[in-house]
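Q: give me the fold of what follows.
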Amino acid sequence: MTTDARSRTTWRDHPATRVLGSAFGWFSGALAITLLFQSVTALSDLVGFCARGGPYEIAVECTDAIVAFTPTSVLGGLAAVFIGSLLAQGFGASMLAFAWPALFVSLSVTFFRSFALYADWSGLLIGIMFLAMGLAPLVLMLRAAPQRTILGRVDARGEAFWEPHPSQPHLLSLRRPKEPGENHATAGDWLLSVGVAIGAVTAGVWLGVVWFGAVA
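A: Prediction:
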């Protein structure tokens, strides 16, 4: 007596797990980057330095929001991308591919802002460097595997997409991608993948702005 492989599926194989995993990763990642961006912006308004506690007299004291969100947003963002990618299992826009560019591009904006408001020329140079560090890897990944980067490797059911050859591994690949399947992506696949990412990011940014404002 044989058992059909499909009957041995677990909760991780369910389409909802992949969709919710992608949504969680994008939502939490956007929330973390939004909190970090606002923390760095608030820090730059304090002349780039602040402190709290200790036996010495503090010239510029850090706000509650800076103390609360600067370290936790970095660690939380890393955890969110890892957990979301683990649950999504190749479904949806690649969080690993966009996390680095989103982080460095957002930070570059704070340095450009510092240059515009305070004529900080070092801010201009660092902003250009961070912008290049964020966009260059994204361009290379999009050129190497555009469909895998934006759509994902599999659909919500876990079936590999067909994609034009050759699809090269991008900079964050630890090994060469698996061979694509015969599953041609439909408009619904694109809408689900991109829609989940956009909706989750929008919600994450909104919550980050509201949360930071409430603490600040």
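
Q: so how far is the helix or strand in which Thr34 is found from its chain's centroid?
A: Element membership of Thr34, judged by DSSP states H and E, is helix 15-45. Between the centre of helix 15-45 and the centre of its chain there are 7 Å (CA atoms, centre = their mean, to the nearest Å).

Q: what residue ranges in the protein score low on pLDDT?
A: Low-confidence segments of the chain, defined by pLDDT under 70, span residues 1-8, 47-62, 165-181.

Q: what packs against the helix holding Thr34?
A: Secondary-structure packing of helix 15-45 (3 or more CB pairs under 8 Å, 6 or more residues apart in numbering; DSSP states H and E): helix 64-88, helix 95-118, helix 187-215. For glycine as for every other residue, the C-beta is placed from the backbone atoms N, C-alpha and C.

Q: turn these into CSV, columns for mean neighbour count.
A: Formatted as CSV, those follow (neighbours: other CB atoms under 10 Å):
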stretch, mean neighbour count
helix 64-88, 18
helix 95-118, 19
helix 187-215, 16
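
Q: format those helices as JSON lines; extra columns: distance to Phe37.
A: Converted to JSON lines, the helices and strands packed on helix 15-45 look like this (distance: least, CB to CB, whole Å):
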{"stretch": "helix 64-88", "distance to Phe37": "9"}
{"stretch": "helix 95-118", "distance to Phe37": "5"}
{"stretch": "helix 187-215", "distance to Phe37": "8"}
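
Q: which one, of these, ends up nearest to Leu135?
A: helix 95-118 (6.3 Å; CB to CB).

Q: what helices or strands is that closest one leaning on?
A: Helices and strands touching helix 95-118, by 3+ CB pairs under 8 Å, 6+ apart, are helix 15-45, helix 64-88, helix 121-144.

Q: so which of those is nearest Leu107?
A: That would be, of these and by CB to CB, helix 121-144, which comes in at 5.2 Å.

Q: buried set for that closest one?
A: Neighbour-count burial for helix 121-144 flags 123, 126-127, 130-131, 133-134, 137-138, 141, 144 (criterion: 16 or more other CB atoms under 10 Å).

Q: can you check stretch 15-33 too?
A: Quick answer for stretch 15-33 (16+ other CB under 10 Å): 17-33.

Q: and stretch 134-144, how far from the chain's centre?
A: Relative to the mean C-alpha coordinate of its chain, stretch 134-144 is positioned 14 Å out (CA atoms, centre = their mean).

Q: what's the closest non-adjacent residue to Leu207?
A: For Leu207, ignoring the flanking residues on the chain, the nearest one in space by CB to CB, 6 or more residues apart in numbering is Leu31 at 5.6 Å.
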